[in-house]
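Student: heads up, no residue letters with this:
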């Protein structure tokens, strides 16, 4: 069971259906045919399960990015280059790694060389525009507190998973 409001679930489904029908529109705008989402809510609300269900429903490949294993911005770039069209690029618990108080992603007391800028370039950068089309990027967070507002601006849709 996924703890998501039924109206919100319909809104996400409608947005995905609209995205799937919009290739020509994206081409007319000269933009890459991709979409990004940020789901947030407490642990245990099945945010990840919701993504897995959508990947299965759409018959998309899913790439699960473990941010705790990424040590440099260039690692994100290499991961992006390995993805295919019709895929979901998924990273869990973004709030564990990004803080508005730091330019670096951190996990506990360990600091990695991946920067907030690196994450933003991963989502919206030039390299992303060269790596195929019909992609969904999905990030989850338990809380949106203490996260740099640029993350919210880079993700075109932000949905709470619980009311």
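Tutor: Noted; the coordinates are in hand. Note that this is a predicted model, so its numbers are computed, not measured. Residues are numbered from 1 along each chain as shown.
Student: How about the secondary structure of the residue most central in space within the chain?
Tutor: For the chain, residue 138 is the residue whose C-alpha lies nearest the centre (Cα atoms, centre = their mean; 2.5 Å). Under DSSP: H, G, I helix; E, B strand; the rest coil, residue 138 falls in the strand class.
Student: Show me what it bridges to in the sheet.
Tutor: The bridge-partner assignment for residue 138, based on DSSP bridges, gives residue 37, residue 90.
Student: My guess is it contacts residue 90. True?
Tutor: Yes. With contact defined as Cβ atoms under 8 Å, residue 138 reaches residue 90; the gap is 5.0 Å. All C-beta atoms are positioned from the backbone trio N, CA, C, and that covers glycine.
Student: so what sits against both of these two?
Tutor: Here residue 138 and residue 90 have residue 51 as joint contacts, going by Cβ atoms under 8 Å, 6 or more residues apart in numbering.
Student: about what we covered before: contacting residues for the residue nearest to the centre of the chain?
Tutor: Taking Cβ under 8 Å, 6+ apart, we find residue 138 in contact with 36-39, 51, 88-91.
Student: and if we set it to 6 Å?
Tutor: Counting by Cβ atoms under 6 Å, 6 or more residues apart in numbering, residue 138 touches 37, 51, 88, 90.
Student: ditto for residue 141
Tutor: Residues near residue 141 by Cβ under 6 Å, 6+ apart: 40, 94-95.
Student: now, among those residues, which is nearest to residue 122?
Tutor: Using Cβ to Cβ, residue 94 comes nearest to residue 122 of those, at 11.0 Å.
Student: Look up the pLDDT of the closest one for me, please.
Tutor: Listed pLDDT for residue 94 reads 83.
Student: Could you check how many residues crowd around the closest residue in space to it that isn't next to it in sequence?
Tutor: Nearest residue to residue 94 in three dimensions, chain neighbours excluded: residue 139, at 4.5 Å (Cβ to Cβ, 6 or more residues apart in numbering). Using other Cβ atoms under 10 Å, residue 139 has 28 neighbouring residues.
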